[in-house]
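In: fold the following.
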Amino acid sequence: MQLSREALIRAYRQMKTIRMFEERLHDEIALGEIAGFTHLYAGQEACAVGVCEHLGPKDYIISTHRGHGHCIAKGCDVIDMMKEIYGSRDGLCKGKGGSMHIADIGVGMLGANGIVGAGAPIAVGAGITARSNGTVSIAFSGDGACNQGTTFEAMNMAVVLKLPVIFVFENNHYSEHTGEAYAVGAESMTARSAAFGMKAIKANGIDFFSVYEAMRELIDYCKAGNGPASIELDCERFYGHFEGDPQRYRGPGELDRIREERDCLKTFRGKVTEAKLLDGAELDKVDAEVADLIDRAVAEAKSAARPTAADVVEDVYINY
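Out: Prediction:
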């Protein structure tokens with residue numbers, strides 16, 4: 001399916017925003033500007049954007065501890081996200097979520113989650129609503145979560161209830177510090193998903209077009225009432241499991257190789273310019289605009305209001 005120039009520029013802008021957001025966080029954390037654990041998504045941008053470009057605000061996603069890319073791809077405000085990560089009371093969750101618990105129900109982002117595999121059951125719950133209103137629910141997981149019992153139960157229930165849920169497994173080859181060849185006992189995540197009785201496919205997670213086309217097929221399939229599906233996306237992460245991870249589990253030169261040969265932004269640029277769908281100047285203009293946005297986000301986050309002692313007891317209970 002041929003995308004318009006506007007759609008291509010939007011997809012590139014989304015991926016570039018995620019990349020620059022994460023790279024800037026990497027720098028700010030090194031300066032001691034941000035507290036708490038942070039897990040960066042850089043390198044996996046084509047996965048989040050290839051999935052979320054098909055979704056509207058009433059479609060649901062549930063994220064992981066590595067959730068910034070999913071948030072941005074689903075439409076969360078970038079400046080409010082930065083304020084949240086900086087701990088401002090003006091942040092998307094009033095500074096109470098931080099990096100691992102950003103949520104924005106208004107755009108269908110049901111939250112990042114610090115518990116591995118905890119998102120899949122929430123996505124199944126959202127899938128019950130999605131079945132009634134013609135939308136779809138997406139559970140983002142990594143290769144670590146594919147081994148969790150919560151994920152197995154959620155997949156089975158989605159099949160039994162025939163829900164429009166898509167389980168997206170971003171296989172970046174390291175469950176924290178453990179390679180998938182050691183930790184995943186099945187032939188593949190795709191084969192394991194198929195064993196539950198659902199449609200299961202695999203796509204190239206460093207190629208936006210591969211992800212986009214595969215997701216179009218699965219969303220149409222699920223919205224037609226065929227039940228759930230899963231997709232395994234072969235991708236790479238450019239930073240450690242968490243900021244400060246020394247990455248001693250990596251082989252010599254491994255990071256240099258994947259940054260050079262398996263960068264989804266380079267892949268996208270190469271494809272669209274070679275096909276003369278966009279030119280380098282158009283993409284460079286997007287780069288400059290995104291850089292300005294990230295600079296503004298950091299500046300506003302640093303000057304935003306800090307929480308007060310009274311804020312601790314707000315948002316603890318809800319009055320029904």
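In: let me see the contact set for Met189.
Out: Met189 makes contact with Asp143, Cys146, Phe169, Asn171, Ser230, Glu232 under the criterion Cβ atoms under 8 Å, 6 or more residues apart in numbering. For every residue, glycine as well, the C-beta is placed using N, CA and C.
In: export those residues to a markdown table and tack on pLDDT and distance to Ala301?
Out: As requested, these are exported to a markdown table (pLDDT from 0 to 100; distance: Cβ to Cβ, whole Å):
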| residue | pLDDT | distance to Ala301 |
| --- | --- | --- |
| Asp143 | 87 | 32 |
| Cys146 | 85 | 34 |
| Phe169 | 96 | 32 |
| Asn171 | 94 | 32 |
| Ser230 | 98 | 36 |
| Glu232 | 97 | 35 |
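In: mind putting the residues you listed into TSV with distance to Cys93 and neighbour count?
Out: Converted to TSV, those look like this (distance: Cβ to Cβ, whole Å; neighbours: other Cβ atoms under 10 Å):
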residue	distance to Cys93	neighbour count
Asp143	27	22
Cys146	28	28
Phe169	26	27
Asn171	29	25
Ser230	29	26
Glu232	30	24
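In: and the residues you listed, which of them are in strands?
Out: Among the contacts of Met189, the ones falling in strands (DSSP state E) are Phe169, Asn171, Ser230, Glu232.
In: for the last one, give its distance to Lys202.
Out: From Glu232 over to Lys202 the distance is 5 Å, taken as Cβ to Cβ, to the nearest Å.
In: overlap in contacts of the two?
Out: Taking Cβ under 8 Å, 6+ apart as the contact rule, Glu232 and Lys202 both touch Ser188, Thr190.
In: re earlier: of the contacts of Met189, which pair is most distant in space?
Out: Farthest-apart pair in these is Asp143 and Ser230; separation 12.8 Å (Cβ to Cβ).
In: which residues do these two both contact?
Out: By the contact definition Cβ under 8 Å, 6+ apart, Asp143 and Ser230 are jointly contacted by Phe169, Met189.
In: do a quick rundown of the helices in the stretch 101-250 of the chain.
Out: For the stretch 101-250 of the chain, the helices defined by DSSP state H, counting those that start in this stretch cover 119-133, 149-161, 180-183, 189-195, 208-221.
In: by mean pLDDT, show me the worst of the ones you listed.
Out: Comparing mean pLDDT across the helices of the stretch 101-250 of the chain, the weakest is helix 180-183, with a mean of 74.
In: export that helix to CSV, keeping only CA atoms.
Out: Extracted in CSV, the C-alpha atoms of helix 180-183 (Å, rounded to 0.1, in the frame of the first residue of the first chain):
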residue,chain,number,x,y,z
GLU,A,180,16.7,-15.0,23.7
ALA,A,181,18.5,-18.2,22.5
TYR,A,182,19.1,-19.1,26.1
ALA,A,183,15.8,-17.9,27.6
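In: buried stuff in that helix?
Out: Within helix 180-183, the residues that count as buried by 16 or more other Cβ atoms under 10 Å are Glu180.
In: show me what that helix is in contact with.
Out: Contacts of helix 180-183 (Cβ under 8 Å, 6+ apart): Asp143, Gly144, Asn147, Asn171, His173, Tyr174, Ser175.
In: my read: the second one touches Asn172, true?
Out: Going back to what we said before, that points to Gly144. No. Using Cβ atoms under 8 Å, Gly144 is not in contact with Asn172; the gap is 9.7 Å.
In: in the longest helix seen in the chain, which residues are buried?
Out: Across the chain, the helix with the greatest residue count (assigned by DSSP state H) is helix 5-30. Going by neighbour count (16+ other Cβ under 10 Å), the buried part of helix 5-30 is 8-9, 11-22, 24-26, 28-29.
In: what is it packed up against?
Out: If you count contacts as 3 or more Cβ pairs under 8 Å, 6 or more residues apart in numbering; DSSP states H and E, helix 5-30 packs onto helix 45-52, helix 68-74, helix 78-85, helix 208-221, helix 264-274, helix 280-303.
In: among those helices, which comes closest to Ser137?
Out: helix 208-221 (10.8 Å).
In: may I see the buried residues of that closest one?
Out: For helix 208-221, using 16+ other Cβ under 10 Å, the buried residues are Phe208, Phe209, Ser210, Val211, Tyr212, Ala214, Met215, Leu218, Ile219, Tyr221.
In: roughly how far does the last one sit from Met198?
Out: Applying Cβ to Cβ, one obtains 10 Å for the distance of Tyr221 from Met198.
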